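1. Everything below, folded, please.
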Amino acid sequence: MRNLLYNYIIKDFTNHGYEYCLEYFPHDSSILDIGIGNGKMLKTFHPVIKSKQLNITGIDINKAYLKNCKRLIKKYDLQDHLSIYHEPIEQFSPPNNKSYDFVLFSMSFMLFNDQPLILDKVKDCLHPNGEIVFSQTMFKEKSWLLDIAKPKLRYLTTVDFGKATYENEFFTLLENHNLSVLHDKATPGKCCKGEYRMIVARPN
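-> Model (predicted):
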């Protein structure tokens, strides 16, 4: 049931987000995907992952999602391109002290309560000149209704939408953690006056 609701509610944004992110990643990139979810996007994008020879490490805290993701990895023969771990990023240690070209937050950064801690953690996972890619909904205007309603949607849908991400606060957070924005691109679709965006940042 959770996978069905997950697919129905955020399928389109997940696909659009991954499409633009995969297009951005160069051939042979290594990627840490934080909050990989149920892997539904693999159905659409497994040819791109293979053709670009991407190496993806996916982590998530939801066992049901990862079980489905593991099934799709096997179905589309992605074992050489994708490995998954049931672990929170706060406790995750890359295997063999590996570092990554990119850290990806696809609809997941807004789920974290201590976002400064998460940014400090993932910067340590990057290669020199590595980049952090955020694919998420951004809001320009503060809304008390949105602040109250968005976190409570999980009780209705079982899907955690986290808290609203406001543009000014988000960019201030990046600046305070010595991250420079390299790209900021709108992607198709809108949600509750929010805009879908792909934002790429690099440690100074």
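2. Against residue 51, how distant is residue 200?
-> Residue 200 is 22 Å from residue 51, where distance means CB to CB, to the nearest Å. Bear in mind the C-beta positions are built from the backbone N, C-alpha and C, glycine included.
3. The two: which is more packed in?
-> residue 200 (19 against 10; other CB atoms under 10 Å).
4. May I ask you to confirm that the more buried one is in contact with residue 24?
-> Yes: counting by CB atoms under 8 Å, residue 24 is a contact partner of residue 200 at 7.1 Å.
5. which residues do those two both contact?
-> Taking CB atoms under 8 Å, 6 or more residues apart in numbering as the criterion, residue 200 and residue 24 both touch 133, 183.
6. The nearest residue to residue 57 once chain neighbours are set aside: which element?
-> The spatially closest residue to residue 57, leaving aside those adjacent along the chain, is residue 32, at 5.1 Å (CB to CB, 6 or more residues apart in numbering). Using DSSP states H and E, residue 32 sits in strand 30-34.
7. so what does that strand touch, helix or strand wise?
-> With contacts defined as 3 or more CB pairs under 8 Å, 6 or more residues apart in numbering; DSSP states H and E, the secondary structure elements packing on strand 30-34 are strand 55-60, strand 100-106.
8. Convert the longest one to CSV, retaining C-alpha atoms only.
-> I take that to be strand 100-106. The C-alpha atoms that make up strand 100-106 are tabulated as CSV, following Å, rounded to 0.1, in the frame of the first residue of the first chain:
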residue,chain,number,x,y,z
TYR,A,100,31.5,10.7,-4.4
ASP,A,101,31.3,13.1,-7.4
PHE,A,102,27.7,14.0,-6.4
VAL,A,103,25.4,13.8,-3.4
LEU,A,104,21.8,13.8,-4.5
PHE,A,105,18.7,14.8,-2.5
SER,A,106,15.7,14.0,-4.6
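9. what angle sits between it and strand 30-34?
-> Strand 100-106 runs at 30 degrees relative to strand 30-34, counting by axes from the mean of the first three to the mean of the last three CA atoms, to 10 degrees.
10. after the worst-scoring helix or strand of the chain on mean pLDDT, next one along is what?
-> Least confident helix or strand, the chain: helix 144-157 with a mean of 42, by mean pLDDT, DSSP states H and E. Proceeding C-terminally, helix 144-157 gives way to helix 167-176 as the next helix or strand, assigned by DSSP H and E.
11. who does that following helix touch, helix- and strand-wise?
-> For helix 167-176, the packing partners by 3+ CB pairs under 8 Å, 6+ apart are helix 115-123, strand 179-191.
12. of all the ones you listed, which gets the most neighbours per residue?
-> Each of those was scored by mean neighbour count; the highest is helix 115-123, a mean of 17, by mean count of other CB atoms under 10 Å.
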